[in-house]
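**Student:** coordinates for the following, if possible.
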Amino acid sequence: MRVALFITCVNDTLFPGTGRAVVTLLRRLGCDVEFPRAQTCCGQMHVNTGYPEEGRRLARHFVDVFAGYDAVVAPSGSCAAMVREQYPRLARTSTPHTSATRASAPVMAGSGTPGTPGGLTAGTVEAAATGDAPGSFAAEVAEMVPKVYDLSEFLVDVLGVTDVGAYFPHRVTYHPTCHSMRILRVGDRPTRLLEQVRGLELVPLPGADECCGFGGTFAVKNPAISAAMCADKVHNVATTGAEVLCAADNSCLMHIGGTLKRQRTGVRIMHLAEILATTEATR
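**Tutor:** Numbering: from 1, shown residues only. A predicted model of the protein is given here:
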C-alpha cells in the first residue's frame, strides 16, 4: 500500500520526532511510506480566522500534492478533520474566478523529512490551474477525502490491527482531542491501540471529553479562559498518577504540557505515534 505522510505544520516545526515515529511504525507494518516534499499547511488557520480564499488555494494545492496515493495519514486529528470537514465546503463554494485564476499566497512549505531535522521555509502556493472546469475541484476533493486518515483510524480500520508490536512499560493516561473526538469520531480506536501495548498501564482520565483550552487561535484570543481550561485538565491528569500523558494532536499536548511543566507535575507528554513506534529493541 502506497501511503503518504501528511506531517502538518506543528509537527514539522516543533515535533519532527512524531513524523519519524509514524514512518517507523507504518513501515514496520508493511506500508510503503512516502513524504511528499511539496506539501504545505492545510489551510486550517486561514479558514478559521476568516480567509476562505487563502484556505481554498491551500486546499487546491493539498489535493494536487497528495493525488495518486492509496492513503494519506496524518498524526493530527485536527488537520485530518480540516481536510475531511472543510475541504468539501470550500470546494462547493469555489467561484469561477477562483477556479480560473492563478494567485499566490505566502505559506509555510515543509522542508523537513522523516529522519532529518524538521523545519519550514517560506514558499508560495498557487490556485487551481487555469482552465479548471466548474465542479472539477469538488470532484477531486470528493475523491481525496475518503483517503485521508488520522493515524489511529488508519491502523484500526484500514490495516486492521490493534497490536502493533509496541512495548512501553509506563503508566499512561489518554486525552482525546476535540477534533479527533467530535469531528473525526475516532471513538475508542486510540485506547484500543494503547491497551495492546506490552508493559503499558492505561489509566482513565477524569473529564477526558473536556477541551484542554487550546483550540488554535482560541488560546490567543481568549488567554484567560484557555489557561483556566488547561488548569482543569492538568488537575485531572495529576489525579491519575500517570507518568505520561498521551494524545493524537501535538498542538494540544504542547498546550497541556506547558502547564504540566510549570506546575512541576513530573508528567511528560508523548504523541500516540511515538508510543506505538517504541519496541523493546528501540527503547
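**Student:** which stretches of the stretch 151-283 of the chain form strands?
**Tutor:** In the stretch 151-283 of the chain, the strands defined using DSSP state E, counting those that start in this stretch lie at 171-174, 201-203, 244-247, 268-271.
**Student:** just these: most buried one?
**Tutor:** Compared across these, strand 244-247 shows the largest average neighbour count, a mean of 24 (mean count of other Cβ atoms under 10 Å). Bear in mind the C-beta positions are built from the backbone N, C-alpha and C, glycine included.
**Student:** want to throw the strands of the stretch 151-283 of the chain into a markdown table with distance to Val23 and mean pLDDT?
**Tutor:** Output for the strands of the stretch 151-283 of the chain, formatted as a markdown table (distance: least, Cβ to Cβ, whole Å; pLDDT from 0 to 100):
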| stretch | distance to Val23 | mean pLDDT |
| --- | --- | --- |
| strand 171-174 | 22 | 98 |
| strand 201-203 | 25 | 98 |
| strand 244-247 | 19 | 97 |
| strand 268-271 | 13 | 97 |
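**Student:** can you list the ones you listed in TSV and add distance to Glu85?
**Tutor:** Formatted as TSV, those follow (distance: least, Cβ to Cβ, whole Å):
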stretch	distance to Glu85
strand 171-174	23
strand 201-203	29
strand 244-247	19
strand 268-271	22
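**Student:** out of those strands, nearest to Cys9?
**Tutor:** Of all the strands of the stretch 151-283 of the chain, the one in closest proximity to Cys9, counting by Cβ to Cβ, is strand 268-271 (14.9 Å).
**Student:** just confirm Leu25 is within a helix.
**Tutor:** Yes. With DSSP: H, G, I helix; E, B strand; the rest coil as the criterion, Leu25 is located in a helix.
**Student:** burial count for the nearest residue to it once chain neighbours are set aside?
**Tutor:** Nearest in space to Leu25, with sequence neighbours left out and distances taken as Cβ to Cβ, 6 or more residues apart in numbering, is Ala277 at 4.4 Å. Neighbour count of Ala277, defined by other Cβ atoms under 10 Å: 24.
**Student:** Thr24 versus Ala277, what's the distance?
**Tutor:** Distance, Ala277 to Thr24, by Cβ to Cβ, to the nearest Å: 5 Å.
**Student:** got it, and Phe154?
**Tutor:** As for Phe154, its distance to Thr24 is 15 Å (criterion: Cβ to Cβ).
**Student:** quick one, which of the two is more surrounded?
**Tutor:** Higher neighbour count among Phe154 and Thr24: Phe154, with 25 against 20, using other Cβ under 10 Å.
**Student:** looking at that one now. What's its pLDDT?
**Tutor:** Reported pLDDT at Phe154 in the predicted model: 98.
**Student:** all helices of the stretch 1-150 of the chain, in order?
**Tutor:** For the stretch 1-150 of the chain, helices defined by DSSP state H, counting those that start in this stretch occupy the ranges 9-14, 16-28, 44-48, 52-66, 77-81, 87-92, 96-100, 136-144.
**Student:** kindly report the same for the stretch 151-283 of the chain.
**Tutor:** Taking DSSP H, counting those that start in this stretch, the helices of the stretch 151-283 of the chain run over residues 151-153, 178, 189-195, 217-221, 223-239, 250-262, 272-277.
**Student:** residue ranges in the stretch 151-283 of the chain under the pLDDT threshold?
**Tutor:** Of all residues in the stretch 151-283 of the chain, none has pLDDT under 70.
**Student:** same thing with the stretch 1-150 of the chain?
**Tutor:** Within the stretch 1-150 of the chain, the ranges that satisfy pLDDT under 70 run 94-134.
**Student:** quick one: residues contacting the residue sitting nearest the centre point of the chain.
**Tutor:** Taking Cα atoms, centre = their mean, the centroid of the chain lies closest to Ser76, which sits 1.1 Å from it. By Cβ atoms under 8 Å, 6 or more residues apart in numbering, the residues touching Ser76 are 8, 10-11, 150, 248-251.
**Student:** ok so, going back, which of the helices of the stretch 1-150 of the chain is buried the deepest?
**Tutor:** helix 77-81 (a mean of 27).
**Student:** helices or strands up against that one?
**Tutor:** Contacts defined by 3 or more Cβ pairs under 8 Å, 6 or more residues apart in numbering; DSSP states H and E place helix 77-81 against strand 148-150.
**Student:** pull up the pairing partners for the strand it packs on, direction included.
**Tutor:** Applying DSSP bridges to the sheet, strand 148-150 is found paired with strand 71-74 (parallel).
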